[in-house]
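Asker: What would the 3D arrangement of this be:
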Amino acid sequence: MEKQKRGRFKRKRLSWWISSVSLFFVFLIIFFIVDGTIFEPNLNDSDHIAGKAADWLEESKLFNSWFAPFHFAWFNLATLLCIIVLLVNAIADIFSLKRNKQH
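Answerer: Numbering: from 1, shown residues only. Sure, this is the predicted structure:
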């Protein structure tokens with residue numbers, strides 16, 4: 001019975017990884033297509049919080065020189081956040097695999 005639960009868990013984790021990485025690559029392709037074209041989002045530079053966040057992000061050295069695979073800073077932020085989420089999940093899975101092997 002426990003082997004069936006482990007098998008289901010492994011299949012769920014594998015399907016999660018396949019769908020997550022596939023979605024990440026789909027978004028990367030969309031970002032590369034949209035980046036530098038007329039389809040790039042136009043940010044509102046009003047006094048709203050979104051406008052202030054857009055100003056901060058556009059002036060940020062982190063997303064304009066250090067981590068800048070795209071010209072549009074919001075795409076850089078989204079890419080970095082996706083990478084962080086995938087890395088955190090990878091680390092969590094590695095530790096859970098080690099814990100399961102010890103038991």
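
Asker: From here on, just use CA atoms for contacts and neighbour counts.
Answerer: Will do.

Asker: so what does the host helix or strand of Lys98 touch, helix or strand wise?
Answerer: For Lys98, the host element (DSSP states H and E) is helix 73-102. The contact analysis (3 or more C-alpha pairs under 8 Å, 6 or more residues apart in numbering; DSSP states H and E) places helix 73-102 against helix 2-34, helix 49-59.

Asker: And those, which one averages the lowest pLDDT?
Answerer: Within these, confidence is poorest for helix 49-59, with a mean of 66 (mean pLDDT).

Asker: What's the local residue count around Phe72?
Answerer: Here the number of neighbours of Phe72 (other C-alpha atoms under 10 Å) works out to 19.

Asker: Angles on the backbone of it, please.
Answerer: Backbone torsions of Phe72, given as degrees, to the nearest 10, read phi -80, psi 120.

Asker: Excluding covalently adjacent residues, which one is nearest to it?
Answerer: Among residues not flanking Phe72 along the chain, Asp35 sits closest, at 6.4 Å (C-alpha to C-alpha, 6 or more residues apart in numbering).

Asker: My read is that that neighbour contacts Phe70, right?
Answerer: Yes - using C-alpha atoms under 8 Å, Asp35 makes contact with Phe70 at a distance of 6.4 Å.

Asker: Tell me the spacing between the nearest residue to Phe31 once chain neighbours are set aside and Ala68.
Answerer: Counting by C-alpha to C-alpha, 6+ apart, Phe75 is the residue found nearest to Phe31 once chain neighbours are left out, at 6.6 Å. Per C-alpha to C-alpha, to the nearest Å, Phe75 is found 9 Å from Ala68.
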